[in-house]
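Engineer: give me a 3D structure for the following:
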Amino acid sequence: MVNNNNTNLTKEREFDAASSVKNQSSQNKEDSMDFKELFEQSLNQLQYGDIAKGKVVQIKDDRVMVDVGWKTEGYIPAGEIKDAKGNINISVGDEIEVFIDKRDSEGTLVLSRDKASKLKIWDEIKNACENNILVEGVVVEKVKGGLSVDIGIIAFLPGSQVDVRPVKDLDKFVGQTMDFKVLKYDRKRNNVVLSRRTIAASEREAEKRDILKSIQEGNVVEGVIKNITDYGIFIDLGGIDGLLHVTDISWGRIAKPAENFRKGEKITTKVLSFDSEKERVSLGLKQLMDNPWDKITEKYPVGSIIEGKVVNLTDYGVFVELAPGVEGLVHISEMYWTREIKHPSKVLSIGETIKIMVLEVNPETKRVSLSLKQTTPNPWESLKEKYPVGTVVKGIVRNITNFGVFVGIEEKIDGLIHVSDISWKHRVAHPSDHFKKGQEVEAVVLNVDVENEKFSLGIKQIEKNPWDDLSKKYAPGSVVTGKITNFTDFGIFMEIEEGIEGLVHISEISQKRVKTSSELYSIGDTVSAVVKSIDPKSKKIRLSIKELEAPAPTPSSNQYINNTENVGSNLSHALAEVRINNSQKGE
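Structural biologist: From the prediction side, this is the model:
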C-alpha cells in the first residue's frame, strides 16, 4: 500500500530547508547563493511524493544511483531492484520512473521504484474505474469467496463476478491472464474489486452470434457438458445450448446419463435439427457411429451361440449386451430347463459374461430374443426316451394341490398325477385326503410333453378299468341291489358295488308323484332297481326303482262305455244350448 502522509512530507521539507541553510553558512556567499538558487529551483520542480523520470548513473552493491535532474541525485535500495535470484536487471544509462520518497540521515535523497509503480498503477486503476476501461491481470490463487488477481497490485475477484453463471471449479482459472473491469477501489485500504461478468456476457454474445451463423443440420460440433438430467444432456456450444436427448446418446439403452458423463467434460456431437428463431438445437452422439442394427441379422444368425454381458436384471428376465448398442433379452422361461427361480438376480449378476443362443432377431423393433437353457441339453428329451408311455415309476410326493399331486421322479423334474387319474371308482374331493408330502407312490407314465415340459402320471391306470366289464355284468334290464349314498334335487345315488354308483332319476323313483326323494328313503337304505342303461366312457349307470313296482290298474270296458255315454250326453246338451241361443238371435 502506498504511504502518502502529507504531514510527514511537510516536516521533512522543513528539516531539509533548515539543513540547507546551515550548510550554506560554511561556504562563501557566491557559492552559497548559486547553490541556494539551484536547490530552490529543484524543490520547485520535485517534491516528496512525486514521480519523476531519472537516469541510472551508478550501480553499487547496496544501491543504484539515479539522476532525477537539476543536478539532483538519489538512490534506490538494491533490494527493490534485485530479482528473485539476486540479480539487478537494469544498467547504467537506463531511464526509469522513481518515487521521491525522503532523505536519509546523511541528507541523501531516497528514491523508490516500487512506490512509483504502485502510484502509477493506482492512477490507472482510477482511470479504468471512472472511464470503464478494462485492465489486464493474472489470476494468482483461489481465496475465500473468489480469486486473487495481480494487476500490478493484488486485487480481489469475487466468485459471483467470475462468469455470467455460477462457477463451482475456480481453480481452473489460476494462472490465466485475462481482462477485468474495475468495480470499485479504495486506495487508503489498498483494496480493489474486479469483475468479469460483463466481459464474459459480451464474449458469450459474440460467440453466440458466430454459432448461430455457422450452425447447420448435419454439422459436427464440439461443446462442454453444462447440465445432466434423466432425459438428456445440455451442452454449451458457445453462447447457445443444445440438447442431447437420452435416446440419441447410444444405439443401446442408457438408463441414467449421469453414470456415463460428467459436467465440464468436452463432447463432440452432431446437429440433428436447428430452430434459429427459438434458438433450439437438437444434438446426437450415436449418429456419429455406425448403426449396429443395420447388419444385426448377419452378425447374429438365429440358432448361433454367442457370448454376452449381463447389464440388467428384471422380474421377467435378463438383458444381455451383445455389442455396444445391442442388447438382447433372456426371458425367465428361457433361463433353465428345470430350475425354478423367483428372480434372475438369485442366479446371475450384472457384469457377468454368459453364453446364450439367438432365438429371434427383429431389426425393426430392435429386439433380440435369447436363450440360456438352449445352450445345454434338453432333459425333457432324455426323459421321454427313459420313460416311455406305460412305464411304472416310483417317486416321492413333493407338492399337493387341489387339481393333483406332484411327484418327484428325476432331479428337478416332477410328474403330475391329475385328480381325475387317482381312482377309477372313488370320487376324490381333494388329493390331500389321500396323500401326504414325502409319501412314496407308484404311478404309470401317461405322457411326456417335451415342448410344453409336462410329465403326466396316473395311479388308477395301474389297475384295470372296472367299467370295461360293467356293461357285461350289468346288462340293461337286470336287477341290482345297493345302498343309498346321496340325495339330490334330481334323484338318488346308489352304490351297487364298491366305488360304483348309479343314478335313480326322480322320475324313476316311484309311479306315484314324488316331490323329494327323501320322502321315501334315507341314506344307507338298501333298495333294488332295474338297470336302464350303462355308459362306461362317461362312467354313468341309469337305474329305475319304479319299474319293480306293481303296474297301476287299467280302466274296464264298462267304465269306458259309461264315460263315452257321459261325454256324448254332455256334448248333446252343449249343442242343444248352442241351437237355442242361435234361434233366439234369429228372431
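Engineer: any idea how far the residue lying closest to Ile249 once chain neighbours are set aside lies from Asn291?
Structural biologist: Leaving aside its chain neighbours, Ile249 sits nearest to Leu285 (5.1 Å; criterion: Cβ to Cβ, 6 or more residues apart in numbering). C-beta: built from backbone N, CA, C; applies to glycine. With distances taken as Cβ to Cβ, to the nearest Å, Leu285 is found 13 Å from Asn291.
Engineer: please parse this protein into its domains.
Structural biologist: Here the domain parsing of the chain from automatic domain parsing is 6-118, 132-200, 215-288, 296-375, 379-462, 467-548.
Engineer: right, so of those domains, which gets closest to Lys126?
Structural biologist: Among the domains of the chain, the nearest to Lys126 by Cβ to Cβ is domain 132-200 (7.0 Å).
Engineer: average pLDDT for that closest one?
Structural biologist: Average pLDDT, domain 132-200: 88.
Engineer: distance between the ends of it?
Structural biologist: Start-to-end span of domain 132-200 (Cα to Cα, to the nearest Å) is 15 Å.
Engineer: likewise stretch 140-148?
Structural biologist: Using Cα to Cα, one end of stretch 140-148 lies 5 Å from the other.
Engineer: one more: stretch 284-296?
Structural biologist: 22 Å.
Engineer: ok, residues contacting that stretch?
Structural biologist: The contact list for stretch 284-296 (Cβ atoms under 8 Å, 6 or more residues apart in numbering) reads 220, 244, 248-251, 267-270, 272, 323-326, 361, 363, 366, 368.
Engineer: please, a PyMOL command that selects the buried ones among those?
Structural biologist: Here is the PyMOL selection string for the buried members of these, based on 16 or more other Cβ atoms under 10 Å:
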select buried, resi 244+248+249+250+251+269+270+272+325+326+361+366+368
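Engineer: taking the contacts of stretch 284-296 one by one, which sit in strands?
Structural biologist: Among the contacts of stretch 284-296, the ones falling in strands (DSSP state E) are 220, 244, 267-270, 272, 323, 326, 361, 368.
Engineer: which one among the residues you listed gets closest to Arg103?
Structural biologist: Proximity of the ones in strands among the contacts of stretch 284-296 to Arg103 (Cβ to Cβ) peaks at Ile267, which lies at 65.8 Å.
Engineer: that closest one contacts Val224, doesn't it?
Structural biologist: Yes: with contact defined as Cβ atoms under 8 Å, Ile267 counts as touching Val224 (7.4 Å).
Engineer: got any residues that touch both of those two?
Structural biologist: Counting by Cβ under 8 Å, 6+ apart, the common neighbours of Ile267 and Val224 are Ile235.
Engineer: returning to what we had before: separation between the residue nearest to Ile249 and Ile240?
Structural biologist: For Leu285, the distance to Ile240 equals 18 Å [Cβ to Cβ].
Engineer: how about Val358?
Structural biologist: 45 Å.
Engineer: burial count for the residue nearest to Ile249?
Structural biologist: 20 (other Cβ atoms under 10 Å).
Engineer: tell me how far it lies from Phe406.
Structural biologist: Taking Cβ to Cβ as the measure, Leu285 falls 53 Å from Phe406.
Engineer: picking up where we left off before, nearest to Gly145 among the ones in strands among the contacts of stretch 284-296?
Structural biologist: Looking across these and measuring by Cβ to Cβ, the closest to Gly145 is Ile267, at 31.2 Å.
Engineer: residue contacts, that closest one?
Structural biologist: 222-225, 233, 235, 244, 261, 285.
Engineer: make a ChimeraX selection of whichever of those turn out to be buried.
Structural biologist: Here is the ChimeraX selection string for the buried members of the contacts of Ile267, based on 16+ other Cβ under 10 Å:
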select :223,225,233,235,244,261,285
